[in-house]
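> need a structure here:
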Amino acid sequence: MSARPASFTSDREVLALLVEANAAADDANRRHDAYVQAVAASTQELSDGITARMVELREAEASLTTLEHDARARGEIIAHQINADAEAAAKATRLEADTYASERRNEARRAMADATTQIEQKQRELETNVAAHLAEMEAIKAARAAEHVEHVSKMQQSEAATTARLADLMRTHEGQLSSMATTADQALAEKAAAHAEGLKEKEVRLAALEVTEQELHARVRAIDAIVAADGSDSGLVELNVLGKQFYSPRAWLGREPRGVIAAELLRWTDAGASGALLILGDPTHFHLILKYLHTGTLPVVADVSQLQWLEREADTYHLSELSALCRDGYKRLNTVGVMQLLNGQRNLSGMDMRSLDLSKIDFRGASFYRAELDNANLRQVNLGSDSTSLQLASLIGACIDNAYLTGCSADQANFSKSSMVGSYAVGASFWKCNFRKADLRNANFSQANFSKADLRGVNFKGATLTDAIFTDADLSGADLSGAVCTNANFSGANLSSANLTSTNLTDANLTQANLTSADLTSTNLTRTKLTDTDLASATLASTNLTDANSTDHLQSMLAGASQASARCGDRSERTVNSVAYASQDQESAAPRGAARTVRVILRPGCRVCMDSPLSPCDAYLSMEHFNRTLSLRQNGSALHSTSTSHSIRCGWLQTQTQPPDPKRK
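Residues are numbered from 1 along each chain as shown. Model prediction:
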């Protein structure tokens, strides 16, 4: 085929048009690829992209159609100018271009179909996931509904059991009331009979007293007649008191008509009044008896021994008024004697000072060794000296309020039922003393020594016991509420059933102490030593155990329950069990900070906080491997019951920085 320049130029233009169409198709293909990528990124974006791409494809088709029409028109014009070979070439080129464009359009349609398929597949997967999630939610709701139904059922069963128990208790109570009423009626009848019998006895005694009174009146009249017959008090009667002669006017001897001397005078007169009047008594100080009969007052005595003799003889002669005067005078004379001894050697050892009023006296340096001070008044006395001794003294029921006892030694003394309210006894020694039921409120016993003392039932309310020593002391049932016991030593002490409400035990030592059933509500146990401390059945609500020093001994383990109870807030409480056993699943020689597993078995008596009134919650015990506070945490699961005891499922003993995984049981 020969080349013609004009035709060649026209062919090139056609080819350029075809190349331009091919470029447009390539551009459409690139845009299609971008569209496919956009569809893979997002379903919504893919849908929007497909729509936009279809618009572009339509525009490209329209442009291609326009180009084809233009090329065809120009080809027709050129066809007339070229020879048959050029027309055939043009037709072949046009056919090739149509084929290529058709292929591009088919590829675009296939890409659009693939994208549509992917979109539909994503939509189906999304619908499947949504359906599965809805099914899972329904299953969870069903499970919760079943749990709620089971919980309600348990509540109803518990309520029914409680109602039945209450009915049994009511029946038992009614039976007891009936029995008590019967017993009371019987006791009342017995008391009425005893009262009637007592009234009869009193009537008999009254009748006898009336007879005696009549006899006394007759005796008084007879004595008055004897005195009147004598004419004056100058008539003396000779008295023979066991061989010793005394002389007394007849009127003196008849001063006490009920006494033995008046009776002997009347008998002697009736017998003829011959010889001396015989009196069977002690003649040693009989002149004191005659002085009393003369004056009617207490005669002057030389010392306590004479007063004791006079009291004894007054009882012998039935002179009741003289006996009373002797007792009052004895007290006054003893107080004077005490003051005399204080001004001398200050040795009051062994003295009987019972019921004396010794208030506001300075006893510094005095020795009360084995002295008897029962019921004595020692208010505001000063016993504050290292040389003051109350060792083995008896102060039962004594009042020692606001006294000063700093540094004094009172080892083995008996202070039972005494009162030392507001007293100041810093550094005093009360080793092995008996303080049973004593009142020591608001007293200051800082640094005092109460080792091995009997302090049962003592009232230490509001007292200051800083640095005090209570080793091996018995404080069972004592009241230490509000007391300040910082750094006090209670090692080995018995504090069972003691009231330690709001007590400050910061830095105190409770090693091996017995606090069973003690009340430690709101007690401050910061840095307190609780090694081997027995806290069974103790109440530990709101107790502060910050940095308390304890081991994992079975009795100390309950100490952490207070923190859990405080965190539980208004959750209900139920007495379930006390910690009675603990075992380690790992070696005790594990490195510091290593996790250990502890199993706890509870027995009746311990207050454990619960999430519901039906069952206590699982306990997770967490503690540092060495000397860290043990704490009890709750997860709300029910306890498993084994025979008559309950056991907490194994928790994980870990450091506080590594909380237990709730999935690990």
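
> okay, strands next: where are they in the stretch 151-300 of the chain?
236-241, 244-249, 277-279 (DSSP state E, counting those that start in this stretch).

> make TSV out of those and add mean neighbour count and mean pLDDT.
Where C-beta positions appear, they are placed from N, C-alpha and C, glycine not excepted. Putting the strands of the stretch 151-300 of the chain into TSV (neighbours: other CB atoms under 10 Å; pLDDT from 0 to 100) gives the following:
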stretch	mean neighbour count	mean pLDDT
strand 236-241	17	87
strand 244-249	15	89
strand 277-279	19	87
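
> and those as CSV, adding distance to A473?
Shown next, in CSV, are the strands of the stretch 151-300 of the chain (distance: least, CB to CB, whole Å):
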stretch, distance to A473
strand 236-241, 58
strand 244-249, 59
strand 277-279, 58
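
> distance check, D534 against A548.
15 Å (CB to CB, to the nearest Å).

> more neighbours: these two, which one.
Neighbours were counted for D534 and for A548 using other CB atoms under 10 Å; A548 has more, 27 against 24.

> what pLDDT does that one get?
For A548, the pLDDT comes out at 80.

> so it touches T523, yeah?
No: assessed by CB atoms under 8 Å, A548 is found out of contact with T523, at 10.9 Å.

> sorry, back to before: relative to V211, which of the strands of the stretch 151-300 of the chain is closest?
Among the strands of the stretch 151-300 of the chain, the nearest to V211 by CB to CB is strand 277-279 (25.9 Å).

> which strands and helices lie in contact with the closest one?
strand 236-241, helix 260-270 (3 or more CB pairs under 8 Å, 6 or more residues apart in numbering; DSSP states H and E).

> again, 10 Å this time
Judged by 3 or more CB pairs under 10 Å, 6 or more residues apart in numbering; DSSP states H and E, the packing partners of strand 277-279 are strand 236-241, strand 244-249, helix 250-253, helix 260-270.

> tell me the strands beside that strand, with direction?
strand 236-241 (parallel) (DSSP bridges).

> compute the inter-axis angle for the partner strand and helix 260-270.
Strand 236-241 runs at 120 degrees relative to helix 260-270, counting by axes from the mean of the first three to the mean of the last three CA atoms, to 10 degrees.

> I'd like the numbering to begin with 42 instead of 1 from here.
Shifting the count to begin at 42 puts that one at strand 277-282.

> tilt between strand 277-282 and strand 285-290?
Using the same axes, to 10 degrees: strand 277-282 against strand 285-290 is 150 degrees.

> and strand 277-282, how far from the chain's centre?
Chain-centre distance of strand 277-282: 79 Å, with CA atoms, centre = their mean, to the nearest Å.

> repeat for stretch 191-199
For stretch 191-199, the distance to the chain centre is 31 Å (CA atoms, centre = their mean).

> any stretches of this structure with poor pLDDT?
42-51, 76-91, 116, 119-120, 123-124, 127-128, 131, 256-276, 371-386, 591-706 (pLDDT under 70).

> mind redoing it with 50?
42-46, 48-49, 273-275, 374, 594-706 (pLDDT under 50).

> ranges for the strands of it?
277-282, 285-290, 318-320, 614-616, 619-625, 637-644, 648-650, 658-663, 672-679, 681-683, 686-694 (DSSP state E).

> gap between R477 and S408?
Taking CB to CB, one finds R477 at 25 Å from S408.

> A312: how many residues sit nearby?
So A312, with other CB under 10 Å, has 10 neighbours.

> got the contact list for it?
The contact partners of A312, taken as CB atoms under 10 Å, 6 or more residues apart in numbering, are L318.

> the nearest residue to Y358 once chain neighbours are set aside: neighbouring residues, count only.
Nearest-residue entry for Y358: V301, 4.6 Å, with adjacent residues in sequence omitted and distances by CB to CB, 6 or more residues apart in numbering. Residues lying near V301 (other CB under 10 Å) number 15.

> how about D344?
9.

> how much space between it and C440?
D344 is 28 Å from C440, where distance means CB to CB.

> where do the helices of the stretch 242-391 of the chain begin and end?
291-294, 301-311, 327-336, 345-357, 361-384 (DSSP state H, counting those that start in this stretch).

> got the angle for the fourth one vs helix 301-311?
Taking the same axes, to 10 degrees, one finds helix 345-357 and helix 301-311 inclined to each other by 50 degrees.

> any buried residues in helix 345-357, and which?
347-348, 350-352, 354-355 (16 or more other CB atoms under 10 Å).

> so which elements touch that helix?
helix 327-336, helix 361-384.

> what residues does it touch?
Contacts of helix 345-357 (CB under 10 Å, 6+ apart): 297, 300-301, 321-327, 329-330, 332-333, 339-342, 360-368, 370-371, 373-375, 377-378, 393.

> mind doing that once more with 8 Å?
Contacts with helix 345-357, where a contact means CB atoms under 8 Å, 6 or more residues apart in numbering, come from 301, 322-323, 325-327, 329-330, 333, 340, 342, 361, 363-364, 367-368, 370-371, 374-375, 378.

> any idea how far the closest residue to G406 other than its chain neighbours is from S408?
Excluding its sequence neighbours, the residue lying closest to G406 (CB to CB, 6+ apart) is S428, at 4.6 Å. Applying CB to CB, one obtains 8 Å for the distance of S428 from S408.

> neighbour count winner among those two?
Of the pair S428 and S408, S408 is the one with more neighbours under other CB under 10 Å, namely 22 against 12.

> so the more buried one sits against R387, correct?
Yes: with contact defined as CB under 8 Å, S408 counts as touching R387 (6.8 Å).

> any idea what V278 is bridged to?
With DSSP bridges as the rule, V278 is bridged to S289.

> that should have said D393, apologies.
Beta-bridge partners, per DSSP bridges, of D393: E413.

> that one contacts R411, doesn't it?
No: using CB under 8 Å as the test, D393 is too far from R411 to be in contact (10.5 Å).

> more neighbours: the two, which one.
Set D393 next to R411 and count neighbours by other CB under 10 Å: R411 wins out with 17 against 14.

> how much space between the more buried one and L321?
37 Å.

> now do N418
40 Å.

> more neighbours: the two, which one.
Each of N418 and L321 has its neighbours counted (other CB under 10 Å); N418 has more, 17 against 11.

> that one: what's it in contact with?
So N418 contacts 397-400, 439-440 (CB under 8 Å, 6+ apart).

> try S537
Applying CB under 8 Å, 6+ apart, the residues near S537 are 517-518, 555-559.

> check T106 too.
So T106 contacts nothing (CB under 8 Å, 6+ apart).

> nice, that's everything, thank you.
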